[in-house]
Every structure is written in C-alpha cells, then in structure tokens.
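Chemist: next input, structure requested:
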Amino acid sequence: MTTLDLEFVRAQFPAFSEPTLRDHAFFENAGGTYACRYVIWRLHRFYRERKVQPYWAFQASALGGSEMDEARRRLSRILGVEAEEVAFGPSTSANTYVLAQAFRQFLKPGDTIVVTDQDHEANSGPWRRLADAEIAVREWRMDPETGHLDPADLEALLDGNVRLVCFPHCSNIVGEINPVARIVAMARRAGAFSCVDGVSYAPHGLPDVGRLGADIYLFSAYKTYGPHQGVMVVRRGLAQRLPNQGHHFNAGVLHKRFTPAGPDHAQIAAAAGIADYVDALYARHNKAGRDANARAAVVHEQMRAHEVALMEPLLDYLETRRNRVRLLGPRRAADRAPTFSLVHERPGAELAAELAGLGIMTGGGSFYADRAVGAQGVDPAHGVLRLSFVHYTAPQDIDRLIAALDRVL
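Modeler: Residues are numbered from 1 along each chain as shown. Predicted coordinates:
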C-alpha cells in the first residue's frame, strides 16, 4: 500500500501554516479536527457569492442549492447509500434527539431498546429518556477492566421485544473498534433496527455504511475535516416508517423528515469539501479509474495504515509507564483507533494544562462520556487525559508528545 505523502496531506490544512499554531502539536482531534482547505474555500465562496435563500431560479440561489445537493450526493456515494438517505443537522447530539422523538412515536409501551455504557452521551441519553414513555431500556455493558463490548453479552439481551440497538462504532474514551457488521446482523436477526454512533470512527476513514448494513449511522462533519454539522444516514426502509419530524409539507422528502429546523445552507454546501479532500488524497497516491466509494475505501486504508504506524511507539511508551498510568481500552494498535484515554493520580484536566505549556494541545475530563468513564472505575470528576490524532499527525509530533508525557507523568 502506498505510504501517505505527509507533506502533501498537511499542505491541505491551512492550520499547519498558521503562525499561532506552528509551534504546537495537536492531540485533541477527537473533539474536532482541523478543517481542510477545500471546505474552507467552499464555505468562503458560499458566504461571498451564494448567501441567499437557495433553490430559486436566480443564479446565486440556484448555485447555492446545487452546491447543497452536491454535498449530499457526493457524501452518499462515499458512504455507499442513496443521496436521499443522507441528512444534515446542527450536531450529532441534536440529530439523535430528533430521531429519538420519532422512535417515541413509533414504538409502543413494552417495546425495548438496547443502549451501551461505552457510548458518548449523544447516542445514549436521548434513547434512555424513552423510558419516560414506558419503553424498556436495557444496557449492554462493557467489561469494567478492558472496556470491551462483548457481542455474546448482547445476544443475551436480544429477544422479541427489542426494536432498536444503539452502540458506537468506536468509543470516544475506550478507543476500541467494534465489529459493526456483526452487531448489526445480530440485531436484524432479532427483528431490531440498529443505530451506530460513528463520531469517533469516521475521522479515521469514512465508512461504507451500505456494506456495514446499519439502519442509522451518525457522525460529525467537524470531526471529519469539515464544517460544524452532524451527518445522519437513515436508510430508506426505516426512514419511511418513522413519523415525520419536519414540517408537514416536507414529509415526502426523505432527507427532510428528520430536520425540523431550517438547515445551515452554507455549511451543508461546504461539506462537499470533505469529498474534495478524499478525492485529492486518492489522486495523489493512486491510479485513476475507480468510483467514489472505491476511492474512499482505498483512502480509508491508507489513513488507517499511517495511524497504526504512529500508534505503535506511543503504545510501547505507555507500556513502560504501566505502574504510573492506566490506558483504557485495547493495548494493540490493530484493535483500536488513535484515541487514548489515560488515567493518572492527577486529574486529566490538570495534566492537559501542563502539557499545553509544553506545546501539546489536548484535553482532560470525561468528554461527554461519564457513563463510560465511571463504568471503568474512574471518577468522571477526576477524568482522563485524552490524546487523539488522525492521519495528518506526523511522527515528530508523536516524538514530541512522548517527551512531554515523560515530563508530566
């Protein structure tokens, strides 16, 4: 597999040429990645040339609408789904809340949903609140020592009453990559739909949602090099059955059924820049001739290979510090995404503040995942130090991080 041209990759992100950021190494990517230049350019163009109500006949309006359609169409091809199955909203938390209200109307008392204690609150809290409507909530619990979600434990929870299984592709605390296709298939055999939180996975390569088979797949554009929007895939078979949550006159438009508020036109249009970036990476490293879905799959694997190589020295370093710091989640790079949560005798936020003085940009706390932190025996108020990176991270950034950790740990 072709090695990523890191100089080319970093040149696609204006942040790396920004003087105020030049002497820092960025390790808070799980909270939001840098935006690529294609997204920034498209957003700037929209505000400069198209900032009018879209879809009217006059040119600025028609062009604005066509750019919004382009974003939905091109992302859908990468994700392996229909364009009408892709919708945008202000955040993944807001998107999940709207979907939960649709399920509140769709389900009946006594129906059951399954949630996990490994999730970010966005894919946990809104579903748990359905208990107020007499919908039963079962918790699929992870191993408190390893953070692992065992599919065998889910099997024991599935019966004829379960209508929905909600789980993360990858936890924003544990970092383990869950076997989505296997879990989705288990849910389907039990007669249940699936809702997958991909927020912490998608930054490491946009997934082929069609191949995974999820009924709902959620991720955040601002964590995949784009604008601050939530992206929501709801497959047609489910979307047409759930009650409309949008304006009554939009009920017949699939991608508008779960967006009750007016969308952010400029940010939707700018999201096409994510597809631009994927295509640019593919063109730089590979021969032409594949469709968008296949190109994205190749780029996904190239991103993954680079990230795995970067994880190895950090994991080796953390292994030497096992008596001082606890790493949550897997200890093998092959099993995880590059999101590392470290538990130390000092609070996570305190360590992050000290690292900031050494040019390491990261954070500490519970990261909207109090349940996941607490289930592993860590006080959410104490929190973890979270170190997260993506494919634009350089080996010298890892070296600098390890040197800084040596000082603060």
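
Chemist: alpha carbons only for contacts and neighbour counts from here, please
Modeler: OK.

Chemist: stretch 373-383: end-to-end distance?
Modeler: Criterion Cα to Cα, to the nearest Å; first-to-last residue distance in stretch 373-383 is 7 Å.

Chemist: buried residues in that stretch?
Modeler: Within stretch 373-383, the residues that qualify as buried by neighbour count (16 or more other Cα atoms under 10 Å) are Val373, Gly374, Ala375, Gln376, Val378, Asp379, Pro380, His382, Gly383.

Chemist: how near is Leu164 to Leu107?
Modeler: Taking Cα to Cα as the measure, Leu164 falls 10 Å from Leu107.

Chemist: which of the two has more neighbours?
Modeler: Neighbours were tallied for Leu164 and for Leu107 using other Cα atoms under 10 Å; the higher tally belongs to Leu164 (25 against 18).

Chemist: residue contacts, the more buried one?
Modeler: Contact analysis of Leu164 by Cα atoms under 8 Å, 6 or more residues apart in numbering lists Thr112, Ile113, Val114, Ala187, Ala192, Phe193, Ser194, Cys195.

Chemist: so for Ala71, what's the nearest residue that isn't a sequence neighbour?
Modeler: Ala272 (4.0 Å; Cα to Cα, 6 or more residues apart in numbering).

Chemist: and Ser66, by the same measure?
Modeler: Leaving aside its sequence neighbours, Ser66 is closest to Tyr55 (7.6 Å, by Cα to Cα, 6+ apart).

Chemist: how deep is the one you found tucked in, by neighbour count?
Modeler: Burial of Tyr55 is recorded as 15 neighbouring residues (other Cα under 10 Å).

Chemist: phi and psi next, for it.
Modeler: For Tyr55, the backbone dihedrals are phi 80, psi 10 (criterion: degrees, to the nearest 10).

Chemist: which segments of this structure make up each domain?
Modeler: Structural domains of the chain, as assigned by automatic domain parsing, span the residue ranges 6-34+302-408, 42-275.

Chemist: in three-state terms, label Asp399 for me.
Modeler: helix (DSSP: H, G, I helix; E, B strand; the rest coil).

Chemist: mind checking how far it is from Met311?
Modeler: Here the criterion is Cα to Cα. By it, Asp399 lies 11 Å from Met311.

Chemist: these two - which one has more neighbours?
Modeler: Neighbours around Asp399 and Met311, counted as other Cα under 10 Å, are more numerous at Met311. The numbers are 23 against 14.

Chemist: now that one: closest residue in space that isn't a chain neighbour?
Modeler: Excluding the flanking residues, the one nearest Met311 by Cα to Cα, 6+ apart is Ala333, at 6.0 Å.

Chemist: pretty sure that neighbour is touching Ala305, no?
Modeler: No - with contacts counted by Cα atoms under 8 Å, Ala333 stays clear of Ala305, the gap being 10.2 Å.

Chemist: now tabulate the contacts of Leu164 in a markdown table and tack on neighbour count.
Modeler: Below are these laid out as a markdown table (neighbours: other Cα atoms under 10 Å):
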| residue | neighbour count |
| --- | --- |
| Thr112 | 25 |
| Ile113 | 26 |
| Val114 | 25 |
| Ala187 | 24 |
| Ala192 | 23 |
| Phe193 | 21 |
| Ser194 | 25 |
| Cys195 | 25 |
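
Chemist: just the ones in strands from those, please.
Modeler: Assignment to strands by DSSP state E places the following of these there: Thr112, Ile113, Val114, Phe193, Ser194, Cys195.

Chemist: which members of these are the farthest-apart pair?
Modeler: Spanning the widest gap among the ones in strands among the contacts of Leu164 are Thr112 and Cys195, at 13.8 Å by Cα to Cα.

Chemist: look at Phe219 and give its secondary structure.
Modeler: Here Phe219 is recorded as strand under three-state DSSP.

Chemist: list the residues that contact it.
Modeler: Counting by Cα under 8 Å, 6+ apart, Phe219 makes contact with Thr92, Asp197, Gly198, Val199, Ser200, Ala202, Gly230, Val231, Met232.

Chemist: show me what the lengthiest helix in the chain is packed up against.
Modeler: Secondary structure of the chain per DSSP state H: the longest helix is helix 292-320. Helices and strands touching helix 292-320, as assessed by 3 or more Cα pairs under 8 Å, 6 or more residues apart in numbering; DSSP states H and E, comprise helix 59-79, helix 272-285, helix 395-408.

Chemist: check which helix or strand covers the closest residue to Asp379 other than its chain neighbours.
Modeler: Computed as Cα to Cα, 6+ apart, the closest residue to Asp379 that is not its neighbour in sequence is Val373, at 7.0 Å. Secondary-structure assignment from DSSP states H and E places Val373 in helix 370-375.
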